[in-house]
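Peer 1: have a look at this fold, sequence not included:
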C-alpha cells in the first residue's frame with residue numbers, strides 16, 4: 001500500500017523544522033557574503049572598439065559598395081582569431097612587460113561583435129582596473145599595426161579606447177547575486193534535511209503510529225500530566241478543607 005502525504009503534513013514538517021531551515025539559509029548567506037567580500041578578489045573590465053571599414057585605397061577610388069561591407073563583416077571572424085593569436089598577444093606582453101604567457105593573456109580577453117556589425121569589441125578583465133584598460137587598448141593597437149602585414153589590408157580603425165573612471169566598479173563578484181543564490185541553496189538544503197529527518201524518525205508519536213506498528217487497535221490514551229497541571233499546595237489544602245466541611249455537614253444532618 002502506497003503512502004501519501006498531504007499538504008497539511010508537509011506544512012507540519014516545515015513548521016517543526018523551521019528554525020533549522022532558517023538557520024541553514026542564513027548561515028549559507030553569511031558564508032557567501034564573507035567569501036564574496038573578504039576572499040574573492042574583485043575583477044575589473046575594460047573595453048576598446050575598432051571598426052572594420054573600407055580600405056583607404058577603396059575610399060579614394062570608389063564609394064561604399066554593399067559587397068565591400070559584406071566582405072568586411074566576413075573578415076571580422078578572421079580578425080577575431082588573429083587578435084587572440086600568439087603573434088599579437090606576444091607583442092602585447094612585450095610592450096606592457098607582462099609576466100604571463102600568450103594563453104594566459106588570451107584567457108583575459110574577449111573579442112566579440114554584434115551580428116552583421118563592423119564594430120568589434122575587445123574586452124579585457126583583470127584584478128587591476130588600469131591593467132585591464134591597458135590590455136584592451138594595447139591589443140587593439142598592436143592588432144592594427146600587425147594586420148596589414150598579415151593580410152595586406154588597411155581597413156581597421158580604432159573607434160574608442162578603454163578608459164578607467166574615478167569610481168570604477170568591479171564586474172565580479174556580484175555580492176547580491178551570490179548571497180541570493182546561497183540563500184536559496186540554504187533553504188533547499190534545509191527543507192531536504194527536514195524531510196530526511198522526518199523520514200528517518202521512526203518513534204511513536206500518535207495513535208495511528210501504534211496501530212500501524214503493532215497492528216492493534218488503541219483502547220485508550222493516557223494524557224501527559226505536567227507540573228503546571230498539578231494543583232498548588234494552597235489549592236490542595238483548600239480542597240481538603242472543603243471535603244472535611246462537607247463530611248461534617250453530612251454527619252450533622254444524619
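Peer 2: Yes, it's here. No experiment lies behind these values; they were computed from the predicted model shown. Residues are numbered from 1 along each chain as shown.
Peer 1: for the one helix or strand residue 158 maps to, buried residues please.
Peer 2: Element membership of residue 158, judged by DSSP states H and E, is strand 156-160. For strand 156-160, a neighbour-count test (16 or more other Cβ atoms under 10 Å) marks residue 156 as buried. Bear in mind the C-beta positions are built from the backbone N, C-alpha and C, glycine included.
Peer 1: how about residue 144: what's its closest non-neighbour residue?
Peer 2: Distances taken as Cβ to Cβ, 6 or more residues apart in numbering place residue 156 nearest to residue 144, at 4.9 Å, with adjacent residues excluded.
Peer 1: distance check, the one you found against residue 150.
Peer 2: As judged by Cβ to Cβ, to the nearest Å, residue 156 and residue 150 stand 11 Å apart.
Peer 1: any idea how far the residue nearest to residue 144 lies from residue 42?
Peer 2: According to Cβ to Cβ, residue 156 and residue 42 sit 32 Å apart.
Peer 1: ok, residue 168 next?
Peer 2: Residue 168 is 10 Å from residue 42, by Cβ to Cβ.
Peer 1: show me the domain layout of the protein.
Peer 2: 44-160, 207-253 (automatic domain parsing).
Peer 1: check which element follows whichever strand or helix holds residue 15 along the chain.
Peer 2: Using DSSP H and E, residue 15 sits in helix 7-16. For helix 7-16, the following helix or strand on the C-terminal side (DSSP H and E) is helix 18-38.
Peer 1: that following helix vs helix 7-16, what angle?
Peer 2: Orientation check (axes from the mean of the first three to the mean of the last three Cα atoms, to 10 degrees): helix 18-38 against helix 7-16 gives 60 degrees.
Peer 1: what about the chain, any weak spots by pLDDT?
Peer 2: Residue ranges of the chain with pLDDT under 70: 1-5, 54-73, 209, 219, 227-231, 243-254.
Peer 1: sorry, back to before: show me what the next helix or strand after the strand holding residue 158 packs onto, helices and strands only.
Peer 2: As assigned by DSSP H and E, the chain's next helix or strand after strand 156-160 is helix 175-200. Helices and strands touching helix 175-200, by 3 or more Cβ pairs under 8 Å, 6 or more residues apart in numbering; DSSP states H and E, are helix 7-16, helix 18-38.
Peer 1: just name the most buried of the ones you listed.
Peer 2: Here the criterion is mean neighbour count by mean count of other Cβ atoms under 10 Å, and of those the winner is helix 18-38, at a mean of 15.
Peer 1: sec struct for residue 202, please.
Peer 2: coil (DSSP: H, G, I helix; E, B strand; the rest coil).
Peer 1: list the contacts for it?
Peer 2: Residue 202 makes no contacts at all, as judged by Cβ atoms under 8 Å, 6 or more residues apart in numbering.
Peer 1: ok, back up a step: ok, the strand holding residue 158: who's next to it in the sheet?
Peer 2: Taking DSSP bridges as the criterion, strand 156-160 pairs within the sheet with strand 44-52 (antiparallel).
Peer 1: need the contact partners of the partner strand.
Peer 2: Contact with strand 44-52 is made by 72-73, 75-76, 79, 118-129, 132-133, 135-137, 139-140, 143-144, 155-164, 168, 170-171, as judged by Cβ under 8 Å, 6+ apart.
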